[in-house]
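S.K.: Quick one, what's the 3D model for this:
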Amino acid sequence: MSGRDLIYEIGTEELPSSAVYSAIEQLQVSVPKALDDTRLGYGEIAVLATPRRIAVLVSELADSQADAVTVAKGPAAKAAFDAEGKPTQAAMGFARGKGVAVESLEVREENGASYVYATVETIGGPAANVLPELLARLTENLDWAKSQRWGSGTARFPRPVRWLLALHGADIVPVEFAGLTAGRVTFGHRFLAPGEIAIGDAGEYSDALRGAFVAVDHNERARMLREGIEAAAHSYNGTAVVPDKTFAEVVNLVEWPTVGVGTFDEQFLEVPREMLEYAMGGHQRYFPLQRDDGMLDNRFIVAHNGAADRTEQIIRGHERVIRARLADAAFFYKEDLATTLEEWAGKLGSVVFQAKLGTVAEKVARIEQLVVSLGQMLGTSADQAAFGQRAAHLCKADLVTNAVVEFTDLQGVMGRYYALAGGEEAGVALAIEEHYRPRFAGDQLPTSEAGRLVSIADKTDTICGIFAAGKAPKGSADPFALRRHAIGILQMALDGSPVKLDALIGEALSSLASHVVFDVDETGAAIKEFLLTRLQTILRDRGHAYDTVDAILAVSADDPADALARCEALTLLRASSDDMEDLSVAYTRAKNLAKPELGVVLDRAVMAAEELALADALDASEKMATELMAQHAYSAALESLVALRGPIDAFFDAVLVMDPDVKLRDNRLRLLNRFVSVFGGFADFSKLSG
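M.R.: A predicted model of the protein is given here:
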């Protein structure tokens with residue numbers, strides 16, 4: 001395919017890092033769709049972005065649109081032509097609307113009816129005629145988390161737009177946006193090459209900017225930054241601590257990453273490591289340096305957007321900033337240690353958790369109560385149960401400490417340090433830290449039984465409390481992160497903490513009765529549905545078909561771990577044999593015919609051979625399946641049920657269920673009731689789609 005490169009660049013004031021990534025993600029989808037919809041052929045598409053520009057580079061963009069042939073369906077033939085076969089106003093209007101001669105209309109049959117069709121040939125026009133509007137529309141349709149109008153215009157953008165560049169080959173594409181018209185001029189690095197750069201041809205764009213100290217491809221900047229960090233760390237015989245989130249943010253804070261190493265006073269290394277890392281990474285976007293022994297060094301790596309020959313001067317400024325940050329951290333830590341964690345816990349009565357649910361101190365009391373019940377439900381060992389109860393009492397105490405007020409992400413972490421400093425057991429301290437886990441997708445679950453007790457209790461109390469207060473999540477709004485809490489509870493339930501949802505919800509709601517008025521049954525049902533919606537997603541994400549999940553949850557919705565085990569067994573059987581699909585058809589037929597009100601007591605004296613064979617097979621399979629399911633041997637239990645395929649098929653082939661003789665009919669319906677009940681102990685197989 002022949003064509004010319006297209007470059008479109010929106011030049012701005014410095015954009016937030018999150019806005020840069022958002023633009024990249026959106027344009028990677030919207031640009032190819034727009035070109036396809038406009039019938040413009042192209043080669044490769046690259047979305048390029050820095051803090052000061054968002055650009056799209058398209059290779060070999062065609063100079064003209066492709067021709068198109070479409071077939072449009074019109075009115076029914078009987079409405080399009082009169083009795084003499086002449087076109088009616090309906091036909092002529094349809095033809096006129098499609099731009100074709102009425103004589104060219106065709107009559108075609110569709111589902112036994114005749115309709116008029118028009119074949120429309122569209123001749124492709126020059127790309128120059130459609131590109132200005134296409135690129136402007138792509139820009140206008142960008143969806144920003146935060147944007148505003150700048151100046152007197154109506155265009156919205158996260159930051160002011162300063163210039164537009166648009167070239168198809170060497171030709172300017174006059175895109176209009178934010179009161180600007182695109183030309184061939186861009187700008188280099190704000191400090192290292194601040195002047196105008198005229199781009200002669202779209203293919204020269206990336207090299208021209210690279211020569212002006214702008215790595216316009218964020219992947220190239222990421223490579224430059226990582227290589228610089230690794231080289232800097234290696235020069236001091238250490239390794240850099242590089243959190244993915246901080247690294248990704250820094251990539252889009254600079255156009256030409258340059259790396260330097262700063263230092264701070266070694267006395268600050270007495271401060272907990274997490275405080276140092278938070279102060280350097282979370283606040284300042286520095287990368288701490290770690291020694292070979294795994295301990296932090298008193299050095300940090302800084303990426304800046306300037307000249308290498310100014311790195312030393314820039315580093316000195318960063319050292320002054322971090323010195324103040326670390327001095328604050330050291331002061332807060334020292335001050336906090338002067339008060340015991342028990343004393344800090346006493347201050348929680350003045351902190352409101354939620355208007356209807358009382359203070360954090362009251363929440364802690366509910367968590368303590370729930371931890372006791374949970375420990376009994378899960379059969380937690382005595383020492384871990386004791387650790388959990390003590391940790392529950394102290395789990396929120398660090399929220400009012402100076403360190404956590406300043407470094408909010410360290411809640412739980414600082415509680416662990418203060419618990420150990422106050423002489424608490426290591427198991428208690430660990431549970432205090434772990435009870436916030438998992439904090440985000442992919443986060444580690446609590447490693448200790450005590451940590452899980454407090455984590456599940458805390459998250460359950462929050463979910464049940466907010467639902468009881470009438471503040472359940474709606475749409476995308478979820479200010480109390482209830483969806484994340486629900487997923488966390490379920491992940492722990494599936495990973496060795498097999499809670500029973502009904503009992504868990506019931507215990508949590510009972511402790512809320514003195515705080516808020518609510519309908520217990522209605523609220524409990526809503527919470528259960530909220531949790532099961534998340535459980536469905538988790539099970540499907542683990543590779544189980546939607547109908548497998550629905551079939552299992554129809555009978556095993558109270559115990560997530562049990563539901564997972566059943567899903568695994570059913571998924572395995574469905575993948576290895578067709579027997580279950582055939583049985584599900586028979587089960588569905590039986591369930592549709594069954595009449596539960598008739599019971600399952602059979603009159604064997606009136607039963608034919610096929611009925612007796614099925615009844616005997618049901619007795620054997622039920623006994624075996626029940627024993628195996630009690631042992632959670634679900635694959636073996638399913639195999640025992642699969643043995644019923646032959647008897648049920650023979651029954652349906654030989655027996656008229658709805659016999660005119662009421663006595664025979666009701667007995668056969670009781671037999672089907674029995675068949676359904678035997679299978680129903682494992683899953684609702686009627687939900688399997690086959």
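S.K.: Which helix in this structure has the most residues?
M.R.: Ordering each helix of the chain by length in residues (DSSP state H) puts helix 311-337 first.
S.K.: Packing partners of it?
M.R.: strand 258-263, helix 273-277, strand 296-304, helix 402-406, helix 413-421 (3 or more Cβ pairs under 8 Å, 6 or more residues apart in numbering; DSSP states H and E). To be clear about C-beta, it is placed using only N, CA and C from the backbone, and glycine gets the same treatment.
S.K.: What is the second one packed up against?
M.R.: In terms of contacts (3+ Cβ pairs under 8 Å, 6+ apart), helix 273-277 is packed against strand 296-304, helix 311-337, helix 413-421.
S.K.: coming back round to it: against which helices or strands is the following helix or strand past the longest helix of the chain packed?
M.R.: For helix 311-337, the following helix or strand on the C-terminal side (DSSP states H and E) is helix 341-345. Under the contact criterion of 3+ Cβ pairs under 8 Å, 6+ apart, helix 341-345 touches helix 382-394, helix 413-421.
S.K.: next helix or strand past helix 341-345?
M.R.: Next along from helix 341-345, by DSSP H and E: strand 352-354.
S.K.: what residues go with each domain of the protein?
M.R.: As given by automatic domain parsing, the domain ranges for the chain are 4-65+126-210, 68-122, 218-333, 343-541, 577-687.
S.K.: so which of those comes closest to V555?
M.R.: domain 577-687 (5.7 Å; Cβ to Cβ).
S.K.: quick check: mean pLDDT across that closest one?
M.R.: Over the span of domain 577-687, the pLDDT mean works out to 87.
S.K.: end-to-end on that domain?
M.R.: Separation of the first and last residues of domain 577-687 by Cα to Cα, to the nearest Å is 18 Å.
S.K.: same question, stretch 648-667
M.R.: Terminal-residue distance, stretch 648-667 (Cα to Cα): 15 Å.
S.K.: what's the answer for stretch 351-358, then?
M.R.: 9 Å.
S.K.: And that stretch, what's buried?
M.R.: Residues 353-354, 356-358 are the ones in stretch 351-358 that count as buried (16 or more other Cβ atoms under 10 Å).
S.K.: Same check on stretch 341-351?
M.R.: Under 16+ other Cβ under 10 Å, the buried positions of stretch 341-351 are 341, 344-345, 348.
S.K.: From K687, how far off is L225?
M.R.: Distance, L225 to K687, using Cβ to Cβ, to the nearest Å: 51 Å.
S.K.: The two: which has the busier surroundings?
M.R.: Per other Cβ atoms under 10 Å, whichever of L225 and K687 has more neighbours is L225, with 23 against 18.
S.K.: Hmm, the more buried one is touching V250, no?
M.R.: Yes. Proximity of L225 to V250 meets the contact threshold set by Cβ atoms under 8 Å, at 6.5 Å.
S.K.: Run through the helices of the stretch 501-650 of the chain in chain order.
M.R.: 501-510, 520-541, 546-553, 560-576, 579-593, 609-630, 634-642, 645-654 (DSSP state H, counting those that start in this stretch).
S.K.: residues in contact with A62?
M.R.: 1-3, 40-42, 127 (Cβ atoms under 8 Å, 6 or more residues apart in numbering).
S.K.: again, only this time at 7 Å
M.R.: A62 makes contacts with 3, 40-42, 127, as judged by Cβ atoms under 7 Å, 6 or more residues apart in numbering.
S.K.: G97 too?
M.R.: By Cβ under 7 Å, 6+ apart, the contact set of G97 is empty.
S.K.: circling back: which one of the contacts of A62 is nearest V261?
M.R.: Using Cβ to Cβ, the contacts of A62 come closest to V261 at Y42, 44.3 Å.
S.K.: That closest one reaches Q65, doesn't it?
M.R.: No. At 11.7 Å, Y42 does not count as touching Q65 under the criterion of Cβ atoms under 7 Å.
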